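Visitor: take a look and give me a structure for this.
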Amino acid sequence: MNEIVEDFSIAAWNFITLIISITLFFFLKHSANSFVSQYGSDVNVRNLFKQGYVSDTATILSLTLITIIFFVLTIFIALRMLSITALIQIVVSLIFIFLTFSISVLPFLGTLLLIIVGGLGVFFVLNNID
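Guide: Numbering: from 1, shown residues only. Okay, here's the model as predicted:
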């Protein structure tokens with residue numbers, strides 16, 4: 001019993017990063033759901049010209065990146081501890097990283113890809129005009 005209490009006390013600080021990460025995940029999920037209800041779940045070129053679409057996409061992608069960074073930080077700290085509680089934190093973090101990627105696949109990463117490809121296309125067209 002004493003080993004369990006000691007294990008938990010060692011990993012207690014890592015629970016703070018895990019709780020912050022999970023909170024960010026649920027905030028991201030709420031933001032993504034409101035985005036999809038406002039703009040739809042498809043990637044459309046006409047959405048790029050709607051007021052707030054690109055800025056909302058950038059906000060959600062930034063929140064996705066921050067959430068993943070916090071989960072990776074949680075995993076890194078847990079790997080340094082190597083305890084049963086840390087192993088549980090690693091598994092929970094990996095599950096939430098997978099869920100974070102599943103939220104941000106479409107339309108957010110699709111919109112980012114559309115902006116990059118469109119921007120590169122315009123760049124190459126403007127540079128090849130002689």
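Visitor: how far away from the center of its chain is the lengthiest helix in the chain?
Guide: Looking across the chain with DSSP state H, the single longest helix is helix 2-39. Averaging C-alpha positions (C-alpha atoms, centre = their mean, to the nearest Å) puts helix 2-39 12 Å from its chain's average.
Visitor: stretch 120-130 too?
Guide: That offset, for stretch 120-130, works out to 33 Å (C-alpha atoms, centre = their mean).
Visitor: Phe25: how many residues sit nearby?
Guide: 21 (other C-beta atoms under 10 Å). C-beta: built from backbone N, CA, C; applies to glycine.
Visitor: need the per-residue pLDDT for it.
Guide: Per-residue pLDDT puts Phe25 at 91.
Visitor: ok, the one 4 residues further on next?
Guide: Residue-level confidence at Lys29 comes out at 89, pLDDT.
Visitor: so what's the closest residue in space to it that isn't next to it in sequence up against?
Guide: Sequence neighbours aside, Ile103 is the residue nearest to Lys29 in space, at 5.9 Å (criterion: C-beta to C-beta, 6 or more residues apart in numbering). Contact analysis of Ile103 by C-beta atoms under 8 Å, 6 or more residues apart in numbering lists 28-29, 32, 64.
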